[in-house]
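A.B. asks: With the input below, show me the fold.
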Amino acid sequence: MSLIPYEKLYKLVSVFEDPVGLDRPLWRDYSRYQGVVNFDVAKLNGVLGMAARAGICYGYTDPFFQLNWDEAGRVGMYRTSYLVPYPDQPVVKQVDNWYRIHPLIDIIPRVVDLELKREQPWSKIADVSWEISELVLSRDGVRPIFYSRYGLINTWLSSWTEEMLNDHFWWLAQYRWVRSLEHAGPPTLPNGVRRDRVLLHQTADKKPGFTDEVDSQSVDWDRWEIGNEAEMHQFIAAAFGGDEPEPEPEVEKVRITADALNVRAEPDASSEDLGELMKMSVVPVKRTQGDWKKIYGWVHKDWTEKV
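C.D. replies: Model (predicted):
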């Protein structure tokens, strides 16, 4: 029995995706697992910020970190880094390595990826996590964001007080059973964490990226939780400093409604096929000609809806 190729399988199940919550501002987390990222494609499709993996523990540097960091800056995305700490290894050594790879933050605080237990007691994980937070606060002037799942936080950080929990912002992962479909949100809150302290929700980790965005078959999808795009910019400026970006000129944008829409070289269904746009992709329109809309090529208006 032959297996269904991954992309075809996604197209089969994507019609069941719940559209509720999919209009939240889109972010990404990238690492070597995605290979080379085309940041122009990501930005064109509405990716507004990203966290690049800097390292794991103190002995590993992600080979794509610097490229991802530089490219995100070039296209004007919010950017930060994340570290995957080992709770059984020296804390200062791990944090020093993080700052070696990523010396200075932009605007968004660093992110601690809390997902490895390494046979350590919960109390040790809680103590190590707090020590990392204190070190980052002393160096950056702001505490790190913590990424994890509510179940792990409830268990591993059960010794933290509500004040300690809510002295941080959170990036929560919560998926649907079919992890190529996005969870509509909001994510379940860990015990004691306020809703207004949850910045991001990782909604899927097996969903394909936009056409030509990444080398890999899938990429993590992350949604901003506090407000729409304009409110996101306002929040970031108020919470983390920096200037609120100037609003971009008003342009028509459309969302793709077909499961996979062919982009044509000319406004004609028989012209050269330049590739596909996946369902829910949001693209700016350069001009309209009859029933066709030009993006980088041409798409038929019947398979789009105005954003």
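A.B. asks: Hmm, F39 and R74 touching each other?
C.D. replies: Yes - the pair R74 / F39 is scored as a contact, 6.8 Å apart, by CB atoms under 8 Å. Placement of C-beta: from N, CA and C, glycine included.
A.B. asks: Between these two, which has more neighbouring residues?
C.D. replies: Between R74 and F39, F39 has the larger neighbour count (other CB atoms under 10 Å), namely 23 against 11.
A.B. asks: okay but the more buried one is in contact with R79, surely?
C.D. replies: No - using CB under 8 Å, F39 is not in contact with R79; the gap is 10.2 Å.
A.B. asks: shared neighbours of these two, which are they?
C.D. replies: In terms of CB atoms under 8 Å, 6 or more residues apart in numbering, F39 and R79 are both contacted by the residues A72.
A.B. asks: Endpoint to endpoint, stretch 196-216 covers what distance?
C.D. replies: Chord length of stretch 196-216, first to last residue, is 33 Å (CA to CA, to the nearest Å).
A.B. asks: Buried residues, that stretch. List them.
C.D. replies: Using 16 or more other CB atoms under 10 Å as the test for burial, stretch 196-216 gives 197-204, 206-211, 213-214, 216.
A.B. asks: How about stretch 33-42?
C.D. replies: By neighbour count on 16+ other CB under 10 Å, the buried set for stretch 33-42 is 34, 37-39, 41-42.
A.B. asks: Pick the one among these closest to P90.
C.D. replies: Q34 (29.5 Å; CB to CB).
A.B. asks: and the gap between the closest one and V95?
C.D. replies: Distance, Q34 to V95, by CB to CB, to the nearest Å: 25 Å.
A.B. asks: ok, now Y147?
C.D. replies: 16 Å.
A.B. asks: Likewise for M164?
C.D. replies: Distance of M164 to V95, computed by CB to CB: 18 Å.
A.B. asks: So which of those two has more stuff around it?
C.D. replies: More crowded of M164 and V95, by other CB under 10 Å: V95, with 23 against 16.
A.B. asks: Surely the more buried one is within a helix?
C.D. replies: Yes - under DSSP: H, G, I helix; E, B strand; the rest coil, V95 sits within a helix.
A.B. asks: Leaving out chain neighbours, which residue sits closest to it?
C.D. replies: Closest residue in space to V95, ignoring its immediate chain neighbours: L135 at 4.8 Å, by CB to CB, 6 or more residues apart in numbering.
A.B. asks: one step back: strands - which of the buried residues of stretch 196-216 land there?
C.D. replies: Secondary structure from DSSP state E places 198-204, 206-207 of these in strands.
A.B. asks: which one among those residues gets closest to M50?
C.D. replies: Of all those, M50 sits closest to L200, with 10.9 Å by CB to CB.
A.B. asks: pretty sure the closest one contacts R28?
C.D. replies: No - when contacts are counted by CB under 8 Å, L200 is not listed as touching R28 (10.4 Å).
A.B. asks: what is in contact with those two at once?
C.D. replies: Contact criterion CB under 8 Å, 6+ apart; residues shared by L200 and R28: D222.
A.B. asks: just the strands in the stretch 151-300 of the chain please.
C.D. replies: Applying DSSP state E, counting those that start in this stretch to the stretch 151-300 of the chain gives strands spanning 170-173, 198-207, 219-224, 253-256, 260-264, 273-278, 282-284, 287-289, 292-294, 298-300.
A.B. asks: The third one to strand 198-207, inter-axis angle?
C.D. replies: Read that as strand 219-224. Interaxial angle of strand 219-224 relative to strand 198-207 (axes from the mean of the first three to the mean of the last three CA atoms, to 10 degrees): 160 degrees.
A.B. asks: heads up, I number from 262, so please use that
C.D. replies: Sure, I'll start counting at 262 from here, so that last one is strand 480-485.
A.B. asks: Strand 480-485 packs against which elements?
C.D. replies: Applying 3 or more CB pairs under 8 Å, 6 or more residues apart in numbering; DSSP states H and E, we find strand 480-485 packed against strand 287-291, strand 459-468.
A.B. asks: and the residue nearest to G453 when sequence neighbours are not counted, how many neighbours?
C.D. replies: Closest residue to G453 apart from its sequence neighbours, by CB to CB, 6+ apart: E423 at 4.2 Å. For E423, the neighbour count with other CB under 10 Å is 11.
A.B. asks: And the one 10 residues further on, by the same measure?
C.D. replies: Taking other CB under 10 Å as the neighbour definition, L433 ends up with a count of 25.
A.B. asks: one step back: which among the buried residues of stretch 294-303 gets closest to Q550?
C.D. replies: Closest to Q550 out of these is V302 (23.5 Å), distances taken as CB to CB.
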